[in-house]
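Novice: heads up, no residue letters with this:
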């Protein structure tokens, strides 16, 4: 195909970059491609679909096209509004959750946390058993983890959010409520709860920075 001829056509990507065009609009207002060309990057790929520039421009000037665009905008706005309502409902439901944390004597809690930690991690290379004589920082960490994962509905509450609009925000609300409940029930663990929340926030910020 000569250069002059190529300039008379637009491929799908070029059309979609124009204002108001979507794949649905291409199907509705352009239909079958006017020509096909071998993919210049991948010879085995399906041929590129080409549409005459003049036909694309002509379609853009029709009343039918403009009316379709306006209706499409209304549909998208309505969809976004409905999604926002569902998102807020999900978040509000998460905020209404009441988290209950069982109360143990602190020494009893430490023994339970150590037993849980040892059971879950004994298979690891270089495993060192947790005991009540382990460092206070370590004992605080495994105590909070034990309460969070095994003594509350934390995992189940997170699982219930799967597939909902607003899932990520609702999960953060739930995590904060669980940490707050642990810190309120065991004031000596409040600093560790805060530290774990802060580490999660920092990790999330780093992940967002990589995207």
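Specialist: Yep, it's here. Everything numeric in this text was worked out from a predicted model, so none of it was measured. Numbers count the residues shown, from 1 in each chain.
Novice: going forward, measure contacts between C-alpha atoms and count neighbours the same way
Specialist: Fine.
Novice: Would you confirm that residue 171 contacts residue 161?
Specialist: Yes - counting by C-alpha atoms under 8 Å, residue 171 does reach residue 161; the two are 7.1 Å apart.
Novice: Need the overlap of contacts for these two.
Specialist: By C-alpha atoms under 8 Å, 6 or more residues apart in numbering, residue 171 and residue 161 have no common neighbours.
Novice: Can you list the buried residues in stretch 96-114?
Specialist: Buried positions in stretch 96-114, judged by neighbour count with 16 or more other C-alpha atoms under 10 Å: 99, 101, 109-114.
Novice: so how many other residues sit close to residue 189?
Specialist: 20 (other C-alpha atoms under 10 Å).
Novice: need the contact list for residue 117.
Specialist: By C-alpha under 8 Å, 6+ apart, the residues touching residue 117 are 130, 142, 146.
Novice: show me where pLDDT drops low in the protein?
Specialist: Applying pLDDT under 70 to the predicted model, the residue ranges of the chain that meet it are 1-7, 40-44, 205, 207-211.
Novice: Specify the residue ranges that define each domain of it.
Specialist: Structurally, the chain divides into domains by automatic domain parsing as follows: 3-61, 92-210.
Novice: how far is the longest one from where the chain is centred?
Specialist: This points to domain 92-210. If you compare the mean C-alpha spot of domain 92-210 with that of the full chain, they lie 21 Å apart, counting by C-alpha atoms, centre = their mean, to the nearest Å.
Novice: One more: stretch 65-83?
Specialist: Remark: stretch 65-83 is offset 24 Å from the chain centroid, using C-alpha atoms, centre = their mean.
Novice: Give me the buried positions along that stretch.
Specialist: For stretch 65-83, the neighbour count (16+ other C-alpha under 10 Å) marks 65, 69 as buried.
Novice: Wasn't residue 131 part of a strand?
Specialist: No - following the definition DSSP: H, G, I helix; E, B strand; the rest coil, residue 131 is coil and is not counted among the residues of a strand.
Novice: Count the neighbours of it for me.
Specialist: 16.
Novice: Checking the nearest residue to it once chain neighbours are set aside next. Helix, strand or coil?
Specialist: Nearest-residue entry for residue 131: residue 114, 5.8 Å, with adjacent residues in sequence omitted and distances by C-alpha to C-alpha, 6 or more residues apart in numbering. At residue 114, secondary structure determined by three-state DSSP is helix.
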